[in-house]
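Trainee: below is the structure, and that's it, no one-letter string:
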């Protein structure tokens, strides 16, 4: 049996001055970081690295288009994953501050 759940579309992102340029930086920054990660790998990546770079560039172009031309539909990746990283960092600090028995 196949159950299809129809979700409501996500609301438009709020508009504010400078959002388009900041979104463009966010859209290009993450794929560029992945490309830099592939190029700085300590072992030869071969065809897997080439495919990863090609996918990062392709996704980056799509993200850049959405960030500039459809800015109301672009949601910041840095904000989403930055919250996760910050939560993990705070948990690590709490564990480090706990007294060991």
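Mentor: Received the coordinates, thanks. Here the structure is a predicted model, which means the values were calculated and not measured.

Trainee: if we ignore the residues flanking it in sequence, what's nearest the most centrally placed residue in the chain?
Mentor: By CA atoms, centre = their mean, the chain has its centre lying nearest to residue 77, at 3.8 Å. With CB to CB, 6 or more residues apart in numbering as the criterion, residue 77 has its nearest non-adjacent residue at 5.2 Å, and that residue is residue 30. Bear in mind the C-beta positions are built from the backbone N, C-alpha and C, glycine included.

Trainee: which residues sit in contact with the one you found?
Mentor: Contacts for residue 30 (CB atoms under 8 Å, 6 or more residues apart in numbering) come out as 60, 63, 77-78.

Trainee: in helices only, show me the residues you listed.
Mentor: Among the contacts of residue 30, DSSP state H puts 60, 63, 77-78 in helices.

Trainee: one step back: got a ChimeraX select line for the buried ones in the contacts of residue 30?
Mentor: Only the buried entries of the contacts of residue 30 go into this ChimeraX selection, using 16 or more other CB atoms under 10 Å:
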select :60,63
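
Trainee: quick check, nearest of the ones in helices among the contacts of residue 30 to residue 16?
Mentor: Distance to residue 16, by CB to CB, is smallest for residue 78 among these, at 15.9 Å.

Trainee: contacting residues for that closest one?
Mentor: Residue 78 neighbours (CB under 8 Å, 6+ apart): 26, 29-30.

Trainee: quickly note the distance from it to residue 72.
Mentor: According to CB to CB, to the nearest Å, residue 78 and residue 72 sit 18 Å apart.

Trainee: and residue 66, by the same measure?
Mentor: 10 Å.

Trainee: and residue 92, how many neighbours?
Mentor: Applying other CB atoms under 10 Å, we find 10 residues neighbouring residue 92.

Trainee: before we move on, what about residue 74?
Mentor: The burial count for residue 74: 22, using other CB under 10 Å.

Trainee: so where's the protein uncertain?
Mentor: Scanning the chain with the threshold set as pLDDT under 70 gives 101.

Trainee: for it, what spans make up the strands?
Mentor: Assigned by DSSP state E, the chain shows no strands.
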